[in-house]
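[1] Give me a 3D structure for the following:
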Amino acid sequence: MKKFNIRKVLDGLTAVSSSSSSSTSAASPQSGNRENELIPESLQSEHFQLCKTVRHGFPHQPSSMAFDPVQKILAIGSENGALRLFGQAGVECYCQHESGCAVIQLQFLVNEGALVSALADDSVHLWNLRQKLPAVLHSLKFNRERITFCHLPFQSKWLYVGTQKGNIHIVNVESFTLSGYVIMWNKAIELSSKTHPGPVVHISDNPMDEGKLLIGFECGIVVLWDLKSKKADYRYSYDEAIHSVAWHHEGKQFVCSHSDGTLTTWNIRVPAKPAQIITPHGKQPKDGKKPEPCKPILKVEYKTTRAGEPFMILSGGLSFDTVSRRSCLTVMHDYQEPYAVVVLLKKDLVVIDLAQIGYPIFENPYPLSIHESPVTCCEYFANCPAEVIPALYSVGSRQKRQSFSKKEWPISGGNWGQGTLSFSEIIITGHADGSIKFWDASALMLQVLYKLKTAKVFDKPRSKEERSSTEIVDEDPFAIQMLYWCPESRVLCVAGVSAHVIIYRFSKQEVTTEVVQLLEVRMQCDLNEVESPEGAGDQAPAVSPAGGASSPQSSLPQSHPSTSSNNSCDGLRDNLPCLKVRSSPLKQFPGCQVELLIQLVWVSGEPPLQITSLMLNSAYGLVAFGNGYGLAVVDYIQKTLLLNVSTAELYASTDPHFKQPRSPKKARQPSAGLCDGNDSSGTPEEKCKSPTSVRSKSKKLSKTLANDFAKISRKFIMIADQKDDVRDNSFSRSRSSSVTSIDRESREIISSFFFCDSLLKKSEPLAVPSLWVGTSLGSMLTISLTVPSTPEQRMQQPVSVSTCGPVVRLKGGILRMAQLDSSGTLLPQVYEPWYDPNAPEEERDPPRRRKPISPPSSQENQDCQYAVICSEKQAKVLALPSQSCIYEHNITETSFVLRADVVTMTAGVAIACFCANGHIMTLSLPSLRPLLDVNYLPLTDMRIARTFCFSNQGQALYLTSPTEIQRITYSQETCDNLQEMLGELFTPVETPEAPNRGFFKGLFGGGAQSLDREDLFGEVAAGRASRSLAQHIQGPGGMEGMKGAASGVVGELARARIALDERGQKLGELEERTAAMMASADSFSKQAHDGSLNHKNFFFGERSLKSVYLTTFTFEDFELMLNKKDRFEMVVVSCFVKEQFTSI
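    Predicted coordinates:
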């Protein structure tokens, strides 16, 4: 008889569990193959592709701004090299410079569909805006001088570039080459001057004479330069540094803003002294002395109206005792009739109406208020019920202010995309001030629907001195930590950083709540060491019975006695919540209204641990939440606590050797492994700290941790996993050791929940309500629920709860769970359809629970359900009720999963994962086949980790900066339709007559004087610039983008030159072909000449003949011959190139 070696069997199981194959069978290979044959899968790798779709929010760290008054498009540059373009509501675009350097200035080619950007790395770029995704056509990198200012005159192809050395270079925007015409600083200033004037801070041409250029230097010198004579006409000097200069529209005066808060007005023909000096915000002394200096005026605009006096718009210049922020400002004007001012602040964009009394602001249609309070968490819902968005909009529209301007938003350029998505999308953001915002994210747009303020439930202290001593955070005590929303029932559950949970119901009726329903829960962090003050008291029960309290306002779990070690402390905090609940009546407007407030209380001087997991089920009327101690289940319908148990005690029902340890007391290991487990120093109170914080002596969170609490809650699982690698496969380890129980209790954290109707036991033929509990050590446990079936019974009879013990163990912390039916279809969670609890009796629908479709009877040991479980390292599919693993996949070995969701695609169901190494992956269900694996975004900021979330139909998002949300898609279908869904920035519009041009034309010779800049700056007149001064770089925009941008300022010949440069390398290959075609042309010419002699009425002139000849060539052939300098007339060249571009 062959011997049976148990060690070899265990070694084999270990090898199987550590394998990185895509699909392994935990039961048997035959079982996995059988299931795969029974459940066909339609999702394939061809259904997935990853790409960015749109970015919402306010540009992070804005640094520059420009406006196209004809196209009505606004551009904002950022310090990180980002470029945001805004048209009408719903028309937005995001671009990024490859260098990532700050954008110091932007200049539109007005009505040309092009934009020039100057960066802090001394590079200038030309963007093509005639395509839906703008791209760089040309770049010019200066090597020896630093760029400080740029100016592009209206309808000009010559860009003036000022440098730090005080020189001005001129760039041809058609070819992005430097002109040989240079204005040197030593020629611009007085020859007698011995000091350098400093960088160029301003360049502009005279509104009435394009040949006069106004140059401002930082030191306070302004020069009026004559471009034709190449010398200075006038020089103006002031003893304060200049920040900006603005012309009067008649070109006879200009105004300068200075660093001391003064404005100087100059007549161009009187350079000796300013015509006027004013300090707008300075205190005027009575003795006639100079006013006190103020802060710098950073920007000034000098505008006039036809019916009124000239006026100035300025930014800055306040007195030093006034607090202000740096800002940018521009004026949108129409023939010197200014109607609005656009003010770019550090964290806001404001447009002021100048045509109405009181100067009201315009209502901003863009979603720029995402960062009104810092975002702490977000959730993404795709394919929501159709009636949810109108319901939220109806209640949210009543919250808007009515003091906006009555005029339409003036930035109205671009057109909406033609494509759309067939499903609705909602984004929910939680904020540090306790507010929650609902956003309509359908069709790549973002619009705020409704705002909820959770802080109204609590009493707000007026000052720090009035704050309660029980608060556990120094900053933002009402911050939202996590949330759960059921779109079908419109029930919202919110967990705050101060260890509180609030449940909201949606109602269209306004109500006043006299007393907020409160439930206090006592979840202590060291249950096993609690003793009575007398030293002989029995320990309190771990599981509190249902309905164990007389009223919802009381603390339902019985108070535990204090420890003997803490009994000597005076003023020990016990049974106290972190926040004080509002005592006055609460007026609740239509929308989300408070159903129940749950607060964790202090226990024996220790604060409650922050909540790490949260879930609600409207069909059961239950909410579950967990932390570093354990979990609690609350019936929010009857306002009772059903279960309050530590994590270790969840295993007790299946561990016959489990014991509650008594003395001698052992130093506890810190929760979640956030502290050094070998450090035994410190008191037990210092050891029993919240795993979400490192508290000071006052036991409060620092400001940094308060603002980033979600970061640490995400790190629970990671740290526990890193310190327990040796126990990844230890599910088969014996649980009989009390030391094991202590270790599990102190380190295992509740990481996820899932309510469902499932087959927990083979003896149960039908699915029963249950709660699946995931922990940070990879254990999946179940809790059986008995919920009364009818609404009447549900209000009267209690819900019974019983623990069923562990089901399976995975590597890493459990992140997500879902259920599939026998055909592999995702089973939706049971829910209660929405009804208005405050509606009148005749309109009120009785509450009804949605009955799930019961699976077939589980007879003959047949499995008819599948549980999908995903952890930080693995994914497994279990067959129910047998609980056998039929599929297993190791997602990552070197990293860990930050976010995982079971998502529904058009063709099937998949698991979507985002790993800390930046990989985004999808796995098919139920076979767990890898379908997508893209290295997208390495984790460089914990903000991404706490806000990244997947949704159905291949949608995902994350907070890419404190003020911006980046949406992406991993659906091939969405990627294919993306171009149609994106809006167009450029629309063909006839360019109006330039401001101040033609008004005095022909009257007394006082009209605006034009200038032929080509004669001054062209290569023939000015020569070529030094090649070492700047380097030309061809942009990645491609031929299609070049053609679009070239149709305006860039002429027909310039477009041919661009194409010629790209294909010049093919010249050698086609020389023989060109010669043959030339011979053929000569033959054709001779035949045509003979025909013309025979048929006098049919005459081909030489020019017409060459036109016919050219149309027989390909585009490449024509370019090559043009490069060979064949004698073709330029008129024919232009027509041909135009024909080619039009046809393409």
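[2] hey, let's count contacts and neighbours off CA atoms from now on
    Will do.
[3] Quick check: which element contains residue 148?
    Under the criterion of DSSP states H and E, residue 148 resides in strand 147-151.
[4] Which residues outside that strand are in contact with it?
    Here strand 147-151 makes contact (Cα atoms under 8 Å, 6 or more residues apart in numbering) with 104-105, 107, 118-120, 122-123, 159-164, 199-204.
[5] buried set for that strand?
    Neighbour-count burial for strand 147-151 flags 147, 148, 149, 150, 151 (criterion: 16 or more other Cα atoms under 10 Å).
[6] Residue 155 belongs to a helix?
    No - assessed with DSSP: H, G, I helix; E, B strand; the rest coil, residue 155 is coil; it does not lie in a helix.
[7] That one reaches residue 70, doesn't it?
    No - if you go by Cα atoms under 8 Å, residue 155 and residue 70 don't touch, sitting 12.0 Å apart.
[8] Could you pull out the residues contacting both of the two?
    residue 110.
[9] hmm, back to that, which of the buried residues of strand 147-151 lies closest to residue 256?
    Nearest to residue 256 among those, counting by Cα to Cα, is residue 149 at 15.7 Å.
[10] Bridging across strands, which residues link to the closest one?
    Under DSSP bridges, the beta-bridge partners of residue 149 are residue 162.
[11] Repeat that for residue 138.
    Beta-bridge partners, per DSSP bridges, of residue 138: residue 126, residue 1034.
[12] Could you count how many residues lie near it?
    23 (other Cα atoms under 10 Å).
[13] residue contacts, it?
    125, 126, 127, 175, 176, 1032, 1033, 1034, 1035.
[14] Kindly recompute the last result at 7 Å.
    125, 126, 176, 1033, 1034, 1035 (Cα atoms under 7 Å, 6 or more residues apart in numbering).
[15] And it, what's its pLDDT?
    Model confidence at residue 138, given as pLDDT, is 93.
[16] same question, residue 677
    Looking at residue 677, its pLDDT is 34.
[17] Excluding covalently adjacent residues, which one is nearest to residue 63?
    With Cα to Cα, 6 or more residues apart in numbering as the criterion, residue 63 has its nearest non-adjacent residue at 4.9 Å, and that residue is residue 78.
[18] any chance of the contacts of residue 138 in TSV, with distance to residue 485 and neighbour count too?
    Output for these, formatted as TSV (distance: Cα to Cα, whole Å; neighbours: other Cα atoms under 10 Å):
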residue	distance to residue 485	neighbour count
125	46	25
126	46	25
176	54	23
1033	51	16
1034	50	17
1035	46	17
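[19] Quick one, which of the residues you listed has the minimum pLDDT?
    When the contacts of residue 138 are compared by pLDDT, residue 1035 scores lowest at 80.
[20] which phi and psi does that residue have?
    Backbone torsions for residue 1035, taken as degrees, to the nearest 10, come to phi -80, psi 170.
[21] For residue 302, give the beta-bridge partners.
    residue 312.
[22] would TSV of the contacts of residue 138 with distance to residue 832 be doable?
    Below are the contacts of residue 138 laid out as TSV (distance: Cα to Cα, whole Å):
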residue	distance to residue 832
125	56
126	56
176	64
1033	61
1034	60
1035	56
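[23] now, which of those residues sits nearest residue 500?
    Nearest member of the contacts of residue 138 to residue 500, counting by Cα to Cα, is residue 125, at 51.7 Å.
[24] so who does the nearest residue to that closest one once chain neighbours are set aside touch?
    Closest residue in space to residue 125, ignoring its immediate chain neighbours: residue 139 at 4.4 Å, by Cα to Cα, 6+ apart. Residue 139 is in contact with 123, 124, 125, 126, 1032, 1033, 1034, 1035, counting by Cα under 7 Å, 6+ apart.
[25] Quick check: residue 787 vs residue 411, distance?
    56 Å (Cα to Cα, to the nearest Å).
[26] Same question for residue 120.
    Look at residue 120 and residue 411: by Cα to Cα, they are 28 Å apart.
[27] of these two, who's got more company?
    residue 411 (22 against 18).
[28] can you list the weak-confidence ranges in the stretch 401-550 of the chain?
    Residues of the stretch 401-550 of the chain that meet the criterion pLDDT under 70 lie in 401-402, 462-468, 525-550.
[29] one more time with 90
    By pLDDT under 90, the low-scoring segments of the stretch 401-550 of the chain are 401-407, 416-423, 443-445, 459-476, 523-550.
[30] what about the strands in it?
    In the stretch 401-550 of the chain, the segments counted as strands under DSSP state E, counting those that start in this stretch are 425-431, 435-440, 447-453, 480-486, 491-496, 500-507, 511-513, 518-521.
[31] who's in contact with the fifth one?
    By Cα under 7 Å, 6+ apart, the residues outside strand 491-496 that reach it are 478-486, 501-506, 611, 616.
[32] again with stretch 898-912
    In contact with stretch 898-912 (Cα under 7 Å, 6+ apart) are residues 42-43, 815-816, 818, 826, 872, 913-916, 921-925, 945, 948-954.
[33] Now do the buried residues in it.
    Using 16+ other Cα under 10 Å as the test for burial, stretch 898-912 gives 898-905, 908-912.
[34] swap in stretch 408-421?
    409, 410, 411, 412, 413, 414, 415, 416, 417.
[35] okay, how far is it across that stretch, tip to tip?
    When the termini of stretch 408-421 are compared using Cα to Cα, they are 27 Å apart.
[36] Likewise for stretch 834-841?
    This stretch, stretch 834-841, spans 16 Å end to end (Cα to Cα).
[37] One more: stretch 991-1011?
    Termini of stretch 991-1011 sit 19 Å apart (Cα to Cα).
[38] Could you chop the chain up by domain?
    Residue ranges for the domains of the chain, per the TED database: 243-359+1118-1143, 371-459+475-524+578-607.
[39] closest one to residue 210 among the strands of the stretch 401-550 of the chain?
    Closest among these, once you apply Cα to Cα, is strand 447-453, at 44.6 Å.
[40] Strand partners (parallel or antiparallel) of the closest one?
    Short version: by DSSP bridges, strand 447-453 pairs with strand 435-440 (antiparallel).
[41] picking up where we left off before, any chance of the strands of the stretch 401-550 of the chain in TSV, plus mean neighbour count and distance to residue 218?
    Below are the strands of the stretch 401-550 of the chain laid out as TSV (neighbours: other Cα atoms under 10 Å; distance: least, Cα to Cα, whole Å):
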stretch	mean neighbour count	distance to residue 218
strand 425-431	23	43
strand 435-440	22	46
strand 447-453	20	43
strand 480-486	24	48
strand 491-496	24	52
strand 500-507	22	56
strand 511-513	13	62
strand 518-521	23	64
